[in-house]
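Give me the fold of what follows.
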Amino acid sequence: MKINLRESFQSRLLRQLEYISKDNPSAARKFKNDLLSAINSLPQRAWTCRKSIYFDDEQIRDLVFKGYTIVFSITDNTIDVFGFVKYQRNLTDDT
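Now for the predicted structure:
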């Protein structure tokens with residue numbers, strides 16, 4: 001199965017890596033390497049990831065990684081990774 005990292009994912013990841021590297025460049029490198037390793041393992045386990053909470057589509061899944069959600073879709077022989085979201089508390093919550 002082929003993995004396609006969409007521009008939307010890559011640009012969001014790059015922004016987060018730049019932010020992390022301001023305080024700790026080695027942590028940014030480790031985060032990137034660990035994340036790409038998790039993404040590269042998706043062909044063996046894509047269907048075990050939860051159905052996306054952002055889309056009402058069984059083909060779209062969420063990989064949760066260190067507080068981030070990586071959103072991807074599964075088609076015939078391709079995994080398209082297109083989302084990279086950091087958990088944020090809903091601003092309308094009173095808690």
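
who's in contact with residue 3?
Neighbouring residues of residue 3 by C-beta atoms under 8 Å, 6 or more residues apart in numbering: 39, 40, 42, 43, 78, 79, 81. C-beta here means a position set from N, CA and C on the backbone, and glycine is covered the same way.

7 Å instead?
Listed by C-beta atoms under 7 Å, 6 or more residues apart in numbering, the contact set of residue 3 reads 39, 40, 42, 79, 81.

Just these: which are in helices?
39, 40, 42 (DSSP state H).

SS state for the nearest residue to the second one once chain neighbours are set aside?
When you say that, I think you mean residue 40. Computed as C-beta to C-beta, 6 or more residues apart in numbering, the closest residue to residue 40 that is not its neighbour in sequence is residue 3, at 6.8 Å. Classification of residue 3 using DSSP: H, G, I helix; E, B strand; the rest coil returns strand.

rewinding a little: what's the ChimeraX line that selects buried ones from the ones in helices among the contacts of residue 3?
In ChimeraX, a selection of the buried entries from the ones in helices among the contacts of residue 3 looks like this (16 or more other C-beta atoms under 10 Å):
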select :39,42
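
quick one, helices of this structure?
Under DSSP H, the chain gives helices at 7-23, 25-40, 42-45.

just how off-centre is the last one within its chain?
What it means is helix 42-45. 14 Å (C-alpha atoms, centre = their mean, to the nearest Å).

Report the central residue of this structure.
The residue lying closest to the centre of the chain (C-alpha atoms, centre = their mean) is residue 70, at 1.8 Å.
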